[in-house]
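Asks: give me a 3D structure for the following:
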Amino acid sequence: MAVTGWLESLRAAEKTALLQDGRRKVHYLFPDGKEMAEEYDEKTSELLVRKWRVKSALGALGQWQTEVGEPATGAGGLGPELIKESNASPIFMRKDTKMSFQWRIRNLPYPKDVYSVIVDQEERCIVVRTTNKKYYKKFPIPDLDRCQLPLEDSSLSFAHANCTLIISYQKPKEVLLAEAELQKELKKVKTAHSGDGDCKTQ
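Replies: Sure, this is the predicted structure:
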């Protein structure tokens with residue numbers, strides 16, 4: 001099963017952990033050179049941030065790509081002081097709950113009946129569009145791709161409030177079990193505290 005393969009790759013990665021500002025920060029270095037950084041709430045173990053970084057063909061470190069959590073600001077190519085997104089532009093981010101993958105798209109003022117949110121089985125993604133043709137976005141669920149699990153229409157729902165479209169996809173039981181196993185694995189990693197200096201890689 002692919003879920004087991006994903007868990008094994010996490011176990012095989014070199015892991016470094018740090019406790020700082022109420023967050024447990026875990027850095028993974030995979031044998032292929034990819035890096036993943038995650039931040040969990042210290043009390044609830046809720047995933048707050050997940051970022052990925054890969055090396056270029058020439059071995060240079062790339063930029064961190066945010067999968068879960070607030071996207072990095074100042075993403076404009078010329079720097080934040082020269083190019084800045086309008087405050088009124090839609091802002092897309094993922095913020096999971098314990099039982100669901102969840103995405104929020106802020107600055108969408110249209111009523112709920114304007115939105116269409118569907119699963120595209122062929123492209124393995126979720127598609128958001130408006131009937132007034134003012135907004136269109138499609139995005140994958142990397143967690144399901146890594147575990148090679150199918151996308152189910154029945155797991156998808158959405159709501160709209162305060163100019164924010166909230167899209168939820170109920171986590172399959174295989175993902176919930178894998179997340180519980182990962183938490184057990186992370187408890188074995190020696191965690192440094194922010195005042196301890198360098199943290200040890202395991």
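
Asks: beta partners of the residue at minimal distance from the centre of the chain?
Replies: The structure's the chain has its C-alpha centroid closest to V68; by C-alpha atoms, centre = their mean the separation is 2.3 Å. Using DSSP bridges, the bridge partners assigned to V68 are R50.

Asks: and it, what is it in contact with?
Replies: Shown in contact with V68 (C-beta atoms under 8 Å, 6 or more residues apart in numbering): 47-50, 94-96. C-beta coordinates here come from the backbone N, C-alpha and C atoms, glycine included.

Asks: one more time with 10 Å, if that's ok
Replies: Contacts were defined as C-beta atoms under 10 Å, 6 or more residues apart in numbering; by that measure V68 touches 38-39, 47-51, 93-96, 101-103, 142-143.

Asks: same question for S116.
Replies: 127-131, 136, 158.

Asks: what about the strands in this protein?
Replies: For the chain, the strands defined by DSSP state E occupy 14-20, 23-29, 35-41, 47-53, 65-68, 91-94, 100-106, 115-120, 125-130, 136-140, 156-161, 164-170, 191-193.

Asks: quick one: low-confidence parts of the protein?
Replies: For the chain, the stretches with pLDDT under 70 are 1, 72-86, 194-202.

Asks: where is the longest helix in it?
Replies: Taking DSSP state H as the criterion, the chain has its longest helix at helix 173-187.

Asks: give the other helices and strands that that one contacts.
Replies: Judged by 3 or more C-beta pairs under 10 Å, 6 or more residues apart in numbering; DSSP states H and E, helix 173-187 is in contact with helix 2-12, strand 14-20, strand 23-29, strand 35-41, strand 47-53, helix 142-147.

Asks: what packs against the shortest one?
Replies: The one in question is helix 142-147. helix 2-12, strand 47-53, strand 65-68, strand 100-106, helix 173-187.

Asks: which among these is found nearest to I167?
Replies: strand 100-106 (4.6 Å; C-beta to C-beta).

Asks: partners of the closest one in the sheet?
Replies: Neighbouring strands of strand 100-106 in its sheet, by DSSP bridges, are strand 91-94 (antiparallel), strand 164-170 (antiparallel).

Asks: JSON lines please, covering these and showing mean neighbour count and distance to A17.
Replies: Converted to JSON lines, these look like this (neighbours: other C-beta atoms under 10 Å; distance: least, C-beta to C-beta, whole Å):
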{"stretch": "strand 91-94", "mean neighbour count": "17", "distance to A17": "22"}
{"stretch": "strand 164-170", "mean neighbour count": "19", "distance to A17": "28"}
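
Asks: before we move on, the earlier item: highest neighbour count among the contacts of S116?
Replies: V128 (21 neighbours; other C-beta atoms under 10 Å).
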